[in-house]
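Participant: take a look and give me a structure for this.
(one chain, ligands or ions: 2)
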Amino acid sequence: MFKENALELLKKSGYKVTKPREWIVEALDGNTSHPSAMEIFDQLRNNNKSFSFATVYNTLDTLVKSGAVKQVTADPQCSRYDPNTFSHGHFYCKKCGKVSDVFDINMDMASASVSGKVEEYELNIFGICEKCLQDVN
Ligand SMILES: [Zn+2]
Ligand SMILES: [Zn+2]
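Facilitator: Numbers count the residues shown, from 1 in each chain. Ligands and ions are numbered 1, 2, ... in the order given. Down below sits the predicted model:
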């Protein structure tokens, strides 16, 4: 479902669906690790798939602009990408840089004091993940 939708949006944006673009979409499908453009590039290249980094970057940019993929801003080092476009929060570990999903945010967005109507939200939480906390002890 994600793949079909994403490829359709690429076509609508005037992009031809080439193999590399399809691989990039597949690398994101069901991916909850919030990969960066470089991680997607490395992952595909390790599987002997060759294309330029610009292809990855431009494809991701188009997918974000067309709404198929969300850009995750939790990591201060680089942009990360999320195929889950529903509003949810992200927890960023300041030690290992892992970005994980947070779905149970207790915020009543409908009653948030904004002068207008809330349609979506973005929330970044920063701290130390459980694994890193255990490594210290
Ligand atoms: Zn960590
Ligand atoms: Zn996420």
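Participant: could you pull out the strands for the chain?
Facilitator: Applying DSSP state E to the chain gives strands spanning 70-72, 80-82, 89-93, 99-102, 123-127.
Participant: which one of those lies closest to K19?
Facilitator: Of all the strands of the chain, it is strand 80-82 that lies closest to K19, at 19.3 Å by Cβ to Cβ. To be clear about C-beta, it is placed using only N, CA and C from the backbone, and glycine gets the same treatment.
Participant: any idea how far ligand 1 is from N46?
Facilitator: Using Cβ to the ion, to the nearest Å, one obtains 23 Å as the distance from N46 to ligand 1.
Participant: do V72 as well
Facilitator: Distance from V72 to ligand 1, by Cβ to the ion: 16 Å.
Participant: how about I128, nearest residue that isn't a chain neighbour?
Facilitator: Excluding the flanking residues, the one nearest I128 by Cβ to Cβ, 6 or more residues apart in numbering is K95, at 5.4 Å.
Participant: low-confidence bits of the chain, can you list those?
Facilitator: Applying pLDDT under 70 to the chain flags residues 106-111, 137.
Participant: helices along that one, start to end?
Facilitator: Here the chain has its helices, by DSSP state H, at 2-12, 19-28, 37-46, 53-65, 130-136.
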